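Peer 1: next input, structure requested:
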Amino acid sequence: MYFFKKKPDFYALLMSQSEKVLEGLKALKEYATNQCPDCAEAVKRLEKEADEHRRIIIAELNRTFATPIDREDIFQLSRALDDVMDYADNTVLELTIYELSADEHVGKMIDIMVKGYEELVKAIKYLKDYPNIANDHAVRAKKFENNMEQAYHQALSDLFKGTDPIYMLKMREVYRHLSNCADQGDEAANIILSIVMKST
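Peer 2: Numbering: from 1, shown residues only. The predicted structure is shown next:
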């Protein structure tokens with residue numbers, strides 16, 4: 001009798017990772033609203049949990065010969081999702097270290113980011129069975145990233161109208177982390193669009 005290991009479902013693994021990152025972004029939004037220590041700890045905990053999902057995907061890639069989609073696309077999509085969560089965690093870290101309060105621009109940028117990432121999660125959800133629908137959600141995710149770029153530049157414009165150079169330098173780093181976070185979401189959307197193009 002021969003026993004065969006069940007093939008890993010990479011679509012499900014990517015979905016699990018993306019959902020964990022979305023949970024982390026919502027925790028970031030909660031932190032920006034209340035800035036309570038428990039909220040900061042929640043973001044840190046979810047970053048570690050999301051990282052575990054990333055490690056599982058890499059482990060399965062290393063021991064799986066045939067994958068349903070290009071293994072490099074799986075690896076890069078998982079990496080982009082991981083980077084989103086890393087930047088979210090760094091945002092909380094810098095707000096905490098610099099003893100900064102999240103201003104209205106931070107709140108607006110996080111809100112845009114969460115909405116865009118929700119579209120990204122939907123794209124991953126439909127990637128396997130309904131690639132055209134996945135494509136539509138990935139395109140919507142990219143539109144939110146464009147909104148994020150506008151919000152980022154507006155935040156910088158308002159910031160540098162101030163008179164406290166130390167505060168401006170600190171807050172600029174926070175804005176930059178949020179912008180980078182959105183950039184990685186955009187990269188994930190691009191990878192999904194590429195996967196769809198290759199499969200249709």
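
Peer 1: and the contacts of stretch 186-195?
Peer 2: Residues outside stretch 186-195 that contact it (Cβ atoms under 8 Å, 6 or more residues apart in numbering): 69-70, 73, 76-77, 80-81, 83-84, 120, 123-124, 127, 131, 134-135, 138-139, 141-142, 145. Quick note: C-beta positions are derived from backbone N, CA and C, even for glycine.

Peer 1: out of those residues, which sit inside helices?
Peer 2: Secondary structure from DSSP state H places 73, 76-77, 80-81, 83-84, 120, 123-124, 131, 134-135, 138-139, 141-142, 145 of the contacts of stretch 186-195 in helices.

Peer 1: just the buried ones from those?
Peer 2: Using 16 or more other Cβ atoms under 10 Å as the burial test, the ones in helices among the contacts of stretch 186-195 include 73, 76-77, 80-81, 83-84, 120, 123-124, 131, 134-135, 138, 141-142, 145 as buried.

Peer 1: from Ile97, how far off is the residue lying closest to Glu47 once chain neighbours are set aside?
Peer 2: Counting by Cβ to Cβ, 6 or more residues apart in numbering, Glu47 lies nearest to Asp89, which is 4.1 Å off, once chain neighbours are set aside. Asp89 is 12 Å from Ile97, where distance means Cβ to Cβ, to the nearest Å.

Peer 1: tell me which of those two has more neighbours.
Peer 2: Between Asp89 and Ile97, counted using other Cβ atoms under 10 Å, Asp89 has the larger neighbour count: 24 against 10.

Peer 1: who touches the more buried one in this structure?
Peer 2: 24, 43-44, 47.

Peer 1: buried ones from those residues, can you make that a PyMOL selection?
Peer 2: In PyMOL, this line selects whichever of the contacts of Asp89 come out buried by 16+ other Cβ under 10 Å:
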select buried, resi 24+43+47
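
Peer 1: just the helices from this protein, written as ranges.
Peer 2: Under DSSP H, the chain gives helices at 10-34, 37-62, 71-97, 104-126, 131-159, 165-199.

Peer 1: mind putting those in TSV, mean pLDDT included?
Peer 2: Formatted as TSV, the helices of the chain follow (pLDDT from 0 to 100):
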stretch	mean pLDDT
helix 10-34	96
helix 37-62	95
helix 71-97	96
helix 104-126	97
helix 131-159	96
helix 165-199	96
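
Peer 1: can you check the pLDDT for Cys36?
Peer 2: Reported pLDDT at Cys36 in the predicted model: 88.

Peer 1: distance check, the spatially most central residue of the chain against Ile58.
Peer 2: With distances taken as Cα atoms, centre = their mean, the residue of the chain nearest its centroid is Val84 (3.1 Å). Distance, Val84 to Ile58, by Cβ to Cβ: 17 Å.
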